[in-house]
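Enquirer: missing the sequence, but the structure's below:
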């Protein structure tokens, strides 16, 4: 019965952003037992030739991928560049991971020393290693560090030792070429605890629309991190109680509230529960989203409020009624939120 309404733990930070975080080169390297660096072959500019084995050896290595025009231009500019390839253990095919300038090649070689520990499950070391590099001078290292942080469960992200420069996060956040880093930059703005970010976060929740609605979750989560109860009250009044606000945005705000109810401070949690009780009383259609997102985190604090919502007969979809009923039933059988 639990599976019907999707009560499963949200384990990856970016799942609530509306997208699945992309695998990083570290993920590919951890999954592969054969990793090489390659350049253009001396006798054929369209063919790759491996020149260094990072994991495994060079015996019999043949890379069928053609050197594309962009890579050829990169090699013309920097002949010491290289492309990182890893063999997929599932089908033994070589995967092109990315182009590496000489400095990034050295960095990847450093990563090799940590891969055994990370592969054995030392996530704390992996997380803090990249947290220390989130604003690295080399943009390739910095971008990888941000992508790595983007994968982390939000509760774990909050525990990291982060020395954040909010201006360095705000300036590139709307760069169209770096949209894949927007969500993590927004989350880090909230974790910076710098009041200078509050206006940016509030504006981000307000201005996300159908084209970039997925980012509303990150902005809402960061705003709650930075401003706590004040942000909870503002988002409830401006969006959750507004009948004209898009339901998709409301759902992402509710999910951000569920994340903070699970991982945030006691003061923020109390405010969130109070605001959602008020919102449900005025807008019972929020019930299914509240049940899904709080149920997914085994938080049964809103059982009474959702029970009252059902009595108003304002939820029309049979599946939504079932979702809320299941939450209310589980809440009644629970001693309290975990």
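Expert: Now that the structure is in, tell me what you want to look at. Source: prediction; values computed, not measured.
Enquirer: And residue 139, how far from residue 175?
Expert: Applying Cβ to Cβ, to the nearest Å, the value for residue 139 to residue 175 is 12 Å. Just so you know, the C-beta spots here come from the backbone N, C-alpha and C atoms, and that holds for glycine as well.
Enquirer: With residue 254 instead?
Expert: According to Cβ to Cβ, residue 254 stands 29 Å off from residue 175.
Enquirer: ok, now residue 198?
Expert: For residue 198, the distance to residue 175 equals 21 Å [Cβ to Cβ].
Enquirer: If you count surrounding residues, which of the two has more?
Expert: More neighbours surround residue 198 than the other of residue 198 and residue 175, with 17 against 11 (other Cβ atoms under 10 Å).
Enquirer: hmm, who's touching the host helix or strand of that one?
Expert: Taking DSSP states H and E as the definition, residue 198 sits inside helix 198-207. For helix 198-207, contacts defined as Cβ atoms under 8 Å, 6 or more residues apart in numbering pick out 170, 173, 186, 189-190, 215-216, 218-220, 222-223, 226-227, 231, 234-235, 238-239, 249, 253.
Enquirer: Same question for stretch 140-159.
Expert: Applying Cβ under 8 Å, 6+ apart, the external contacts of stretch 140-159 come out as 10-14, 16, 21-22, 24-26, 100-101, 103-104, 107, 123, 126-127, 130-131, 133-136, 160, 178, 180-181, 183-185, 187-188, 191, 221, 225, 259, 262-263.
Enquirer: what mean pLDDT would you report for stretch 118-131?
Expert: For stretch 118-131, mean pLDDT is 96.
Enquirer: cool, and stretch 45-56?
Expert: Taken as a whole, stretch 45-56 carries a mean pLDDT of 95.
Enquirer: For it, what is the distance to the chain centroid?
Expert: How far stretch 45-56 lies from its chain's middle: 33 Å, per Cα atoms, centre = their mean, to the nearest Å.
Enquirer: which of the residues in it are buried?
Expert: 47-50, 54 (16 or more other Cβ atoms under 10 Å).
Enquirer: which other helices and strands contact the lengthiest strand in the chain?
Expert: Criterion DSSP state E: the longest strand present in the chain is strand 44-55. Contact partners of strand 44-55 among helices and strands, from 3 or more Cβ pairs under 8 Å, 6 or more residues apart in numbering; DSSP states H and E: strand 35-41, strand 82-87, helix 102-119.
Enquirer: Can you list the neighbours in contact with that strand?
Expert: Residues from elsewhere that reach strand 44-55 (Cβ under 8 Å, 6+ apart): 29, 32-42, 58, 61, 63, 65-67, 72, 82-83, 85, 108-109, 112.
Enquirer: which residues in the stretch 51-200 of the chain form strands?
Expert: Ranges of strands within the stretch 51-200 of the chain are 82-87, 94-100, based on DSSP state E, counting those that start in this stretch.
Enquirer: now the ones you listed in CSV, with mean pLDDT?
Expert: Shown next, in CSV, are the strands of the stretch 51-200 of the chain (pLDDT from 0 to 100):
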stretch, mean pLDDT
strand 82-87, 96
strand 94-100, 95
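Enquirer: Turn those strands into a markdown table, columns for mean neighbour count and distance to residue 332.
Expert: Listed next are the strands of the stretch 51-200 of the chain as a markdown table, based on neighbours: other Cβ atoms under 10 Å; distance: least, Cβ to Cβ, whole Å:
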| stretch | mean neighbour count | distance to residue 332 |
| --- | --- | --- |
| strand 82-87 | 23 | 51 |
| strand 94-100 | 18 | 50 |
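Enquirer: Go through those strands and name the closest to residue 119.
Expert: Nearest of the strands of the stretch 51-200 of the chain to residue 119, taken as Cβ to Cβ: strand 82-87 at 13.6 Å.
Enquirer: now that closest one: how far from the chain's centre is it?
Expert: Counting by Cα atoms, centre = their mean, strand 82-87 comes out at 25 Å from the chain centroid.
Enquirer: ok, that strand: who's next to it in the sheet?
Expert: strand 35-41 (antiparallel), strand 94-100 (antiparallel) (DSSP bridges).
Enquirer: OK, contacts around the residue nearest to residue 50 when sequence neighbours are not counted?
Expert: Leaving aside its chain neighbours, residue 50 sits nearest to residue 36 (4.1 Å; criterion: Cβ to Cβ, 6 or more residues apart in numbering). Residue 36 makes contacts with 50-54, 56, 58, 61, 63, 84-85, as judged by Cβ under 8 Å, 6+ apart.
Enquirer: hmm, 6 Å instead?
Expert: Applying Cβ atoms under 6 Å, 6 or more residues apart in numbering to residue 36 gives the contacts 50, 53, 61, 85.
Enquirer: Look up how far residue 72 lies from the residue lying closest to the third one once chain neighbours are set aside.
Expert: Computed as Cβ to Cβ, 6+ apart, the closest residue to residue 61 that is not its neighbour in sequence is residue 50, at 4.6 Å. Taken as Cβ to Cβ, the spacing of residue 50 relative to residue 72 amounts to 17 Å.
Enquirer: With residue 144 instead?
Expert: 24 Å.
Enquirer: ok, now residue 112?
Expert: Taken as Cβ to Cβ, the span from residue 112 to residue 72 is 27 Å.
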